[in-house]
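**Student:** This is the structure alone, sequence omitted:
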(Lines give C-alpha, C1' and ligand atoms only; values in the text may rest on other atoms or scores of the structure.)
Protein backbone atom coordinates (compact mmCIF):
# COMPACT_ATOMS: atom_id res chain seq x y z
CA UNK A 1 0.00 0.00 0.00
CA UNK A 2 1.44 3.40 -0.92
CA UNK A 3 2.48 5.37 2.15
CA UNK A 4 0.52 8.33 0.84
CA UNK A 5 -2.75 6.49 1.54
CA UNK A 6 -1.89 6.19 5.24
CA UNK A 7 -0.60 9.77 5.40
CA UNK A 8 -3.83 11.18 3.96
CA UNK A 9 -6.09 8.90 6.00
CA UNK A 10 -4.27 9.85 9.17
CA UNK A 11 -4.35 13.54 8.30
CA UNK A 12 -8.09 13.43 7.64
CA UNK A 13 -8.85 11.57 10.88
CA UNK A 14 -6.76 13.95 12.97
CA UNK A 15 -8.35 17.00 11.32
CA UNK A 16 -11.85 15.68 12.02
CA UNK A 17 -10.84 14.91 15.60
CA UNK A 18 -9.68 18.48 16.11
CA UNK A 19 -13.15 19.73 15.11
CA UNK A 20 -14.80 17.27 17.52
CA UNK A 21 -12.63 18.50 20.39
CA UNK A 22 -13.37 22.13 19.53
CA UNK A 23 -17.15 21.57 19.36
CA UNK A 24 -17.52 18.94 22.08
CA UNK A 25 -18.66 21.18 24.94
CA UNK A 26 -20.53 23.70 22.80
CA UNK A 27 -24.29 23.68 22.14
CA UNK A 28 -25.18 21.47 19.18
CA UNK A 29 -27.57 21.79 16.28
CA UNK A 30 -29.25 18.41 16.29
CA UNK A 31 -31.58 16.97 13.67
CA UNK A 32 -33.07 13.49 13.67
CA UNK A 33 -32.65 10.90 10.90
CA UNK A 34 -34.85 8.48 12.83
CA UNK A 35 -36.62 8.15 16.17
CA UNK A 36 -33.33 7.87 18.10
CA UNK A 37 -30.78 8.52 15.32
CA UNK A 38 -29.37 12.08 15.55
CA UNK A 39 -26.96 14.03 13.42
CA UNK A 40 -25.18 17.20 14.52
CA UNK A 41 -23.52 20.07 12.73
CA UNK A 42 -20.20 18.52 13.72
CA UNK A 43 -20.98 15.32 11.79
CA UNK A 44 -21.36 17.41 8.64
CA UNK A 45 -18.31 19.57 9.35
CA UNK A 46 -16.11 16.55 9.96
CA UNK A 47 -17.32 14.82 6.83
CA UNK A 48 -16.60 17.85 4.66
CA UNK A 49 -13.12 18.16 6.15
CA UNK A 50 -12.35 14.46 5.65
CA UNK A 51 -13.65 14.39 2.08
CA UNK A 52 -11.91 17.66 1.21
CA UNK A 53 -8.52 16.38 2.34
CA UNK A 54 -8.97 13.11 0.46
CA UNK A 55 -10.28 14.79 -2.70
CA UNK A 56 -7.31 17.10 -2.84
CA UNK A 57 -4.90 14.16 -2.71
CA UNK A 58 -6.94 11.63 -4.72
CA UNK A 59 -9.42 13.43 -6.99
CA UNK A 60 -10.38 10.20 -8.79
CA UNK A 61 -11.38 8.28 -5.65
CA UNK A 62 -14.99 7.65 -4.67
CA UNK A 63 -16.76 7.83 -1.32
CA UNK A 64 -19.27 5.94 0.77
CA UNK A 65 -19.99 8.22 3.72
CA UNK A 66 -22.68 8.20 6.38
CA UNK A 67 -24.03 11.69 5.82
CA UNK A 68 -23.68 11.66 2.03
CA UNK A 69 -24.09 8.10 0.88
CA UNK A 70 -23.08 7.06 -2.60
CA UNK A 71 -20.94 9.91 -3.91
CA UNK A 72 -18.60 8.17 -6.29
CA UNK A 73 -19.81 4.86 -4.90
CA UNK A 74 -18.14 2.00 -6.77
CA UNK A 75 -21.00 -0.21 -5.78
CA UNK A 76 -20.45 -3.87 -5.10
CA UNK A 77 -19.99 -5.30 -1.61
CA UNK A 78 -16.75 -7.17 -0.95
CA UNK A 79 -17.01 -10.94 -0.86
CA UNK A 80 -15.40 -11.56 2.52
CA UNK A 81 -13.88 -9.99 5.57
CA UNK A 82 -10.25 -8.87 5.31
CA UNK A 83 -7.75 -11.42 6.51
CA UNK A 84 -4.18 -10.83 7.59
CA UNK A 85 -1.74 -11.80 4.89
CA UNK A 86 0.72 -10.54 2.30
CA UNK A 87 -0.06 -7.08 1.05
CA UNK A 88 -1.03 -6.74 -2.57
CA UNK A 89 1.81 -5.62 -4.82
CA UNK A 90 -0.58 -4.40 -7.49
CA UNK A 91 -0.71 -0.90 -6.05
CA UNK A 92 2.99 -0.44 -6.53
CA UNK A 93 2.88 -1.29 -10.22
CA UNK A 94 -0.70 -0.58 -11.33
CA UNK A 95 -2.06 2.90 -10.62
CA UNK A 96 -5.57 1.98 -11.69
CA UNK A 97 -7.55 0.10 -9.00
CA UNK A 98 -11.04 1.45 -8.30
CA UNK A 99 -10.70 3.16 -4.93
CA UNK A 100 -13.39 4.17 -2.47
CA UNK A 101 -13.12 5.75 0.97
CA UNK A 102 -15.69 4.54 3.51
CA UNK A 103 -16.24 7.23 6.13
CA UNK A 104 -18.04 7.66 9.41
CA UNK A 105 -17.09 11.24 10.24
CA UNK A 106 -18.35 10.98 13.83
CA UNK A 107 -19.05 7.50 15.12
CA UNK A 108 -20.89 7.85 18.42
CA UNK A 109 -23.08 10.86 17.60
CA UNK A 110 -25.51 10.12 20.45
CA UNK A 111 -22.59 10.18 22.89
CA UNK A 112 -21.21 13.37 21.37
CA UNK A 113 -24.59 15.13 21.48
CA UNK A 114 -25.02 14.28 25.17
CA UNK A 115 -21.46 15.13 26.18
CA UNK A 116 -20.60 11.49 26.84
CA UNK A 117 -16.86 11.23 26.08
CA UNK A 118 -16.70 8.27 23.71
CA UNK A 119 -16.71 8.93 19.95
CA UNK A 120 -14.33 8.89 17.01
CA UNK A 121 -13.70 9.34 13.32
CA UNK A 122 -13.55 6.15 11.23
CA UNK A 123 -12.03 6.08 7.74
CA UNK A 124 -11.23 3.12 5.48
CA UNK A 125 -9.85 2.79 1.96
CA UNK A 126 -11.15 0.04 -0.27
CA UNK A 127 -9.50 -0.85 -3.61
CA UNK A 128 -11.29 -3.17 -6.01
CA UNK A 129 -13.61 -4.23 -3.17
CA UNK A 130 -10.73 -5.14 -0.84
CA UNK A 131 -10.10 -3.15 2.35
CA UNK A 132 -6.52 -1.88 2.24
CA UNK A 133 -6.30 0.70 5.02
CA UNK A 134 -8.27 1.73 8.10
CA UNK A 135 -7.89 4.43 10.73
CA UNK A 136 -10.00 5.12 13.82
CA UNK A 137 -9.23 8.22 15.88
CA UNK A 138 -10.52 8.99 19.37
CA UNK A 139 -9.86 12.73 19.80
CA UNK A 140 -10.46 12.98 23.54
CA UNK A 141 -7.94 10.26 24.38
CA UNK A 142 -5.71 11.12 21.42
CA UNK A 143 -5.69 7.45 20.40
CA UNK A 144 -5.18 6.58 16.76
CA UNK A 145 -5.77 2.99 15.65
CA UNK A 146 -4.45 2.02 12.20
CA UNK A 147 -4.39 -1.10 10.10
CA UNK A 148 -2.87 -1.90 6.72
CA UNK A 149 -3.69 -5.06 4.83
CA UNK A 150 -0.76 -7.38 5.38
CA UNK A 151 1.02 -4.74 7.44
CA UNK A 152 -0.35 -5.23 10.94
CA UNK A 153 -2.23 -2.93 13.30
CA UNK A 154 -1.02 -0.16 15.58
CA UNK A 155 -2.22 2.15 18.35
CA UNK A 156 -0.38 5.48 18.27
CA UNK A 157 2.30 3.80 16.20
CA UNK A 158 2.86 0.79 18.47
CA UNK A 159 1.90 -2.71 17.28
CA UNK A 160 -1.20 -4.19 18.89
CA UNK A 161 -2.57 -7.71 19.22
CA UNK A 162 -5.81 -9.21 20.46
CA UNK A 163 -6.04 -10.69 23.95
CA UNK A 164 -5.26 -14.29 24.82
CA UNK A 165 -8.31 -14.72 27.05
CA UNK A 166 -9.58 -18.28 26.61
CA UNK A 167 -12.25 -18.58 29.32
CA UNK A 168 -15.62 -16.93 28.88
CA UNK A 169 -15.97 -16.27 32.59
CA UNK A 170 -12.83 -14.11 32.32
CA UNK A 171 -13.93 -12.33 29.14
CA UNK A 172 -15.08 -8.72 28.79
CA UNK A 173 -17.43 -8.37 25.82
CA UNK A 174 -18.61 -5.25 24.02
CA UNK A 175 -21.97 -4.82 22.37
CA UNK A 176 -24.19 -2.18 20.84
CA UNK A 177 -27.89 -1.59 20.31
CA UNK A 178 -29.24 -0.80 16.82
CA UNK A 179 -31.15 2.36 16.04
CA UNK A 180 -34.23 0.21 15.42
CA UNK A 181 -33.86 -1.31 18.90
CA UNK A 182 -37.53 -0.68 19.66
CA UNK A 183 -38.38 -3.27 17.04
CA UNK A 184 -35.82 -5.77 18.40
CA UNK A 185 -36.10 -5.53 22.18
CA UNK A 186 -36.93 -9.17 23.04
CA UNK A 187 -34.18 -10.77 20.94
CA UNK A 188 -31.62 -8.10 21.87
CA UNK A 189 -32.27 -8.52 25.59
CA UNK A 190 -32.26 -12.28 25.19
CA UNK A 191 -28.74 -12.26 23.73
CA UNK A 192 -27.59 -9.74 26.32
CA UNK A 193 -28.91 -11.83 29.18
CA UNK A 194 -27.11 -14.94 27.96
CA UNK A 195 -23.89 -12.99 27.54
CA UNK A 196 -24.13 -11.48 31.01
CA UNK A 197 -24.67 -14.93 32.49
CA UNK A 198 -21.63 -16.40 30.72
CA UNK A 199 -18.90 -13.73 30.83
CA UNK A 200 -17.10 -11.51 33.31
CA UNK A 201 -18.93 -8.48 31.98
CA UNK A 202 -20.55 -6.72 29.04
CA UNK A 203 -19.94 -3.09 28.03
CA UNK A 204 -21.98 -0.88 25.73
CA UNK A 205 -19.81 2.04 24.65
CA UNK A 206 -21.82 3.48 21.78
CA UNK A 207 -19.14 3.49 19.07
CA UNK A 208 -18.72 0.30 17.05
CA UNK A 209 -15.49 1.55 15.49
CA UNK A 210 -13.91 2.03 18.91
CA UNK A 211 -15.31 -1.30 20.13
CA UNK A 212 -13.50 -3.03 17.28
CA UNK A 213 -10.33 -1.11 18.07
CA UNK A 214 -10.62 -2.17 21.70
CA UNK A 215 -10.88 -5.82 20.69
CA UNK A 216 -7.84 -5.31 18.46
CA UNK A 217 -5.71 -4.01 21.35
CA UNK A 218 -7.02 -6.45 23.96
CA UNK A 219 -9.20 -4.13 26.05
CA UNK A 220 -12.21 -6.18 25.00
CA UNK A 221 -12.16 -9.90 24.23
CA UNK A 222 -15.11 -9.77 21.85
CA UNK A 223 -17.82 -7.56 20.37
CA UNK A 224 -21.20 -8.20 18.77
CA UNK A 225 -23.92 -6.03 17.29
CA UNK A 226 -26.59 -6.10 14.61
CA UNK A 227 -27.81 -3.74 11.92
CA UNK A 228 -24.57 -1.80 11.50
CA UNK A 229 -23.69 0.03 8.30
CA UNK A 230 -20.52 -0.23 6.17
CA UNK A 231 -19.04 2.98 7.59
CA UNK A 232 -19.47 1.65 11.15
CA UNK A 233 -17.21 -1.36 10.63
CA UNK A 234 -14.97 -0.96 7.55
CA UNK A 235 -11.95 0.56 9.30
CA UNK A 236 -12.38 -1.41 12.51
CA UNK A 237 -12.57 -4.85 10.96
CA UNK A 238 -9.36 -4.31 9.03
CA UNK A 239 -7.58 -3.11 12.16
CA UNK A 240 -8.90 -6.10 14.10
CA UNK A 241 -8.04 -8.62 11.39
CA UNK A 242 -4.49 -7.27 11.26
CA UNK A 243 -4.27 -7.54 15.05
CA UNK A 244 -5.03 -11.26 14.85
CA UNK A 245 -8.77 -11.19 15.51
CA UNK A 246 -11.61 -13.06 13.88
CA UNK A 247 -14.73 -11.51 12.36
CA UNK A 248 -17.90 -13.35 11.27
CA UNK A 249 -21.65 -12.99 11.42
CA UNK A 250 -23.61 -14.33 14.39
CA UNK A 251 -23.82 -17.72 12.68
CA UNK A 252 -20.09 -17.93 11.95
CA UNK A 253 -20.47 -17.10 8.26
CA UNK A 254 -17.93 -14.84 6.53
CA UNK A 255 -18.51 -11.20 7.39
CA UNK A 256 -18.65 -8.35 4.92
CA UNK A 257 -19.48 -4.71 5.55
CA UNK A 258 -23.06 -5.21 4.29
CA UNK A 259 -23.84 -8.13 6.62
CA UNK A 260 -26.83 -7.81 8.99
CA UNK A 261 -24.79 -8.49 12.12
CA UNK A 262 -21.19 -8.82 13.31
CA UNK A 263 -19.31 -10.93 15.82
CA UNK A 264 -15.66 -9.98 16.40
CA UNK A 265 -13.31 -11.61 18.89
CA UNK A 266 -9.78 -12.55 19.83
CA UNK A 267 -10.35 -15.79 17.91
CA UNK A 268 -9.91 -18.09 20.90
CA UNK A 269 -13.38 -17.32 22.23
CA UNK A 270 -15.15 -17.01 18.91
CA UNK A 271 -16.93 -20.35 18.66
CA UNK A 272 -17.95 -20.17 22.32
CA UNK A 273 -19.55 -16.76 21.74
CA UNK A 274 -21.34 -18.07 18.66
CA UNK A 275 -22.82 -20.84 20.82
CA UNK A 276 -24.06 -18.29 23.37
CA UNK A 277 -25.60 -16.00 20.76
CA UNK A 278 -27.39 -18.85 19.03
CA UNK A 279 -28.07 -21.00 22.10
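**Tutor:** Perfect, thanks for sending it. Only a predicted model underlies this, so the values are computations on that prediction, with no experimental measurement involved. Numbering: from 1, shown residues only.
**Student:** So, low pLDDT: which residues of the stretch 151-279 of the chain?
**Tutor:** Across the stretch 151-279 of the chain, nothing is flagged by pLDDT under 70.
**Student:** Which stretches in it count as strands?
**Tutor:** Here the stretch 151-279 of the chain has its strands, by DSSP state E, counting those that start in this stretch, at 152-155, 158-159, 172-175, 201-203, 222-226, 246-248, 261-265.
**Student:** so how far is residue 223 from residue 205?
**Tutor:** 9 Å (CB to CB, to the nearest Å). Backbone N, C-alpha and C define where each C-beta goes, glycine included.
**Student:** any idea how far residue 113 is from residue 175?
**Tutor:** Here the criterion is CB to CB. By it, residue 113 lies 21 Å from residue 175.
**Student:** still on that earlier bit, any residues in contact with both of residue 205 and residue 223?
**Tutor:** 174, 176, 211, 214 (CB atoms under 8 Å, 6 or more residues apart in numbering).
**Student:** quick one: which of those residues is nearest residue 6?
**Tutor:** Here the nearest of the shared contacts of residue 205 and residue 223 to residue 6, counting by CB to CB, is residue 214; it sits at 21.3 Å.
**Student:** wouldn't that closest one be in contact with residue 220 here?
**Tutor:** Yes. Residue 214 is in contact with residue 220 according to CB atoms under 8 Å; the separation is 4.4 Å.
**Student:** And for residue 50, the neighbour number?
**Tutor:** 27 (other CB atoms under 10 Å).
**Student:** Would you state the secondary structure element containing it?
**Tutor:** helix 41-57 (DSSP states H and E).
**Student:** list the helices and strands that helix packs on?
**Tutor:** Helix 41-57 is packed against helix 3-23, strand 62-65, strand 99-107, strand 120-127, with contacts defined by 3 or more CB pairs under 8 Å, 6 or more residues apart in numbering; DSSP states H and E.
**Student:** Please tell me how far stretch 170-181 is from the chain's geometric centre.
**Tutor:** Remark: stretch 170-181 is offset 14 Å from the chain centroid, using CA atoms, centre = their mean, to the nearest Å.
**Student:** mind checking the end-to-end distance for it?
**Tutor:** Here the two ends of stretch 170-181 are set 28 Å apart, with distance taken as CA to CA, to the nearest Å.
**Student:** Give the buried residues for that stretch.
**Tutor:** 171-179 (16 or more other CB atoms under 10 Å).
**Student:** again with stretch 139-158
**Tutor:** Neighbour count says stretch 139-158 has 139, 143-155 buried, by 16+ other CB under 10 Å.
**Student:** hang on, the earlier thing: show me the two of the shared contacts of residue 205 and residue 223 that sit farthest apart.
**Tutor:** Among these, the pair separated by the greatest distance (CB to CB) is 176 and 214, at 12.1 Å.
**Student:** want to try a markdown table for the strands of the stretch 151-279 of the chain, with distance to residue 187 as columns?
**Tutor:** Shown next, in a markdown table, are the strands of the stretch 151-279 of the chain (distance: least, CB to CB, whole Å):
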| stretch | distance to residue 187 |
| --- | --- |
| strand 152-155 | 32 |
| strand 158-159 | 38 |
| strand 172-175 | 13 |
| strand 201-203 | 16 |
| strand 222-226 | 9 |
| strand 246-248 | 18 |
| strand 261-265 | 11 |
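**Student:** Any idea which of those strands gets closest to residue 19?
**Tutor:** Closest of those to residue 19 is strand 152-155, at 21.9 Å (criterion: CB to CB).
**Student:** Lovely, talk soon.
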